[in-house]
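Asker: Let me see the structure of the following:
(one chain, ligands or ions: 2)
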Amino acid sequence: MKLISIVIPAYNEEGNLDKIREEIDKTFIDLPQYNYEIIFVNDGSRDKTQSILEQMGKDFPTVKYLEFSRNFGHQHAVKAGLDFATGNAVISMDADLQHPPQLIPELVQYWEKGYDIVYTIRKYNKSVSWFKKKTSDFFYKILVTLSDVELEKGSSDFRLLDASVVEVMRQAGESDLFLRGLSKWVGFRQKAISYTAGDRFTGESKYNLKKMLKFAFTGITAFSIKPLYLASYLGFFFSFLSLLYIPYVIFAFINKTEISGWASLIMTVVFFGGLQLIILGILGIYIGKMFKQLKNRPNYIVRSKNF
Ligand code: UDP
Ligand code: MG
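Answerer: Ligands and ions are numbered 1, 2, ... in the order given. The predicted structure is shown next:
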């Protein structure tokens, strides 16, 4: 019998754990030809998540858990789940029921048809704020423009990976992990299906504006060095512009029509000062990434597990 592993990262999800386990159990009633295991990854929660998982592990043989020593972030929590999963296919989904377990049979169906990766595209439901929609759309637009990965907007971390793909993903030791990009990047036979995201069952989203911005930067800089070229392009552009300026300066000098020029000087200084800082910042981001990667620390630390 084939085994399907379900990986669920959980950070302060005490109110959702029982519910999602129940929903997954229900789903698999209709898939009797498969065994399944649910791997919860407790990403350093501060609520009752851990004790609930420990109890659940005793009550249900299908439930496994990994406990991180602290919060390492959603992406690494999913990665840890992939590292420890033993299924013929691994499905990753959120703990808050925004990724409907009812979609699992469809994912599995396409997998059985021979697709190695079945990923999902989220359609918005009405309750998603205008702001979140716009920032998310904007993010994907920038990402696609700046990088070489063809990410559809609305991609989420709800996907099924064949064991062969999981094997490849395990080798990725990136400290700035962006699984959505990575799972596109690896290739294989991929299939997209779409779904409408529901509301969180309980609790609040852990992605505030600051985290979303950081995630966006991670996504872009993890898959592209195009921002680094920006400096050169801008440099060429402005050098060219200043070339055009030279005849004017000579003309003004000969005709003695030079003006005092304070305003234009200040403008130029401020403008180029800002530009240089931005570009230094971009360089800094990449150097920071190299720094983090070079130290080669583990990307997550497991404190305990029940298997
Ligand atoms: N999550 C995690 N570590 C974190 C933040 C989030 O493991 O540092 C988990 C969280 O428990 C949930 C999933 O990642 O299962 C998605 O988080 P959330 O629902 O807050 O994000 P959103 O759906 O709002 O994008
Ligand atoms: Mg959510």
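Asker: where does the most centrally placed residue in the chain fall, phi/psi-wise?
Answerer: The residue lying closest to the centre of the chain (C-alpha atoms, centre = their mean) is Phe178, at 4.3 Å. When quoted as degrees, to the nearest 10, the phi and psi of Phe178 stand at phi -140, psi 90.
Asker: Let the chain start at 14 from now.
Answerer: Will do, 14 is the new start, and the previous item becomes Phe191.
Asker: thinking it is in contact with Ala235, fair?
Answerer: Yes. Using C-beta atoms under 8 Å, Phe191 makes contact with Ala235 at a distance of 4.3 Å. For every residue, glycine as well, the C-beta is placed using N, CA and C.
Asker: Would you agree Ile238 is in contact with Ile298?
Answerer: No. Shown here, Ile238 and Ile298 do not form a contact pair, counting by C-beta under 8 Å, at 10.7 Å.
Asker: shaky segments in the stretch 14-163 of the chain?
Answerer: 138-140, 161 (pLDDT under 70).
Asker: Contact distance from ligand 1 - what residues of it qualify?
Answerer: When proximity is defined by C-beta under 6 Å from any ligand atom, the stretch 14-163 of the chain lies next to ligand 1 at 22-24, 26, 56, 84, 86-87, 90, 107-109, 111.
Asker: related to what we said a few turns ago, can you pull the pLDDT of the residue nearest to the centre of the chain?
Answerer: Predicted confidence (pLDDT) for Phe191: 86.
Asker: Identify the residues contacting it.
Answerer: By C-beta atoms under 8 Å, 6 or more residues apart in numbering, Phe191 lies in contact with 88, 231-232, 235-236.
Asker: cool, and Asn48?
Answerer: Asn48 makes contacts with 14-17, as judged by C-beta under 8 Å, 6+ apart.
Asker: Which one (most neighbours) among these?
Answerer: Each of those was scored for neighbours by other C-beta atoms under 10 Å, and Ile17 scores highest at 24 neighbours.
Asker: Check which helices and strands the strand or helix carrying Phe304 sits against.
Answerer: Applying DSSP states H and E as the criterion places Phe304 in helix 275-308. With contacts taken as 3 or more C-beta pairs under 8 Å, 6 or more residues apart in numbering; DSSP states H and E, helix 275-308 sits against helix 222-236, helix 239-267.
Asker: Any idea how far apart the tips of stretch 307-319 sit?
Answerer: Counting by C-alpha to C-alpha, to the nearest Å, you get 32 Å between the two ends of stretch 307-319.
Asker: Just checking it against ligand 1, any contact.
Answerer: No. Counting by C-beta under 6 Å from any ligand atom, no contacts exist between stretch 307-319 and ligand 1, the nearest distance being 10.5 Å.
Asker: contacts for that stretch?
Answerer: With contact meaning C-beta under 8 Å, 6+ apart, stretch 307-319 is reached by 67, 70, 77-83, 85, 89-90, 92-93, 97, 186-188, 190.
Asker: Around ligand 2, pick out the residues from the protein.
Answerer: Counting by C-beta under 5 Å from the ion, the residues of the chain close to ligand 2 are 107, 109, 111.
Asker: again, 6 Å this time
Answerer: Proximity of the chain to ligand 2 (C-beta under 6 Å from the ion) is limited to residues 107, 109, 111, 213, 218.
Asker: excluding its backbone neighbours, what's nearest the fourth one?
Answerer: If I follow you right, that is Arg213. Among residues not flanking Arg213 along the chain, Asp109 sits closest, at 4.4 Å (C-beta to C-beta, 6 or more residues apart in numbering).
Asker: Now the one you found: which helix or strand?
Answerer: Judged by DSSP H and E, Asp109 forms part of no helix or strand.
Asker: That one and Glu217 touch, don't they?
Answerer: No. Between Asp109 and Glu217 there is no contact under C-beta under 8 Å: 9.3 Å.
Asker: between the two, which one's more packed in?
Answerer: More crowded of Asp109 and Glu217, by other C-beta under 10 Å: Asp109, with 24 against 9.
Asker: Can you give me every residue that contacts the more buried one?
Answerer: Asp109 neighbours (C-beta under 8 Å, 6+ apart): 26, 29, 33, 213-216.
Asker: Narrow the residues you listed to just the buried residues.
Answerer: By neighbour count, with 16 or more other C-beta atoms under 10 Å, the contacts of Asp109 hold 26, 29, 33, 213-214 as buried.
Asker: Give me the secondary structure label for Ser207.
Answerer: With DSSP: H, G, I helix; E, B strand; the rest coil as the basis, Ser207 sits in strand.
Asker: related to what we said a few turns ago, buried by neighbour count, from the contacts of Phe191: which ones?
Answerer: 88, 231-232, 235-236.
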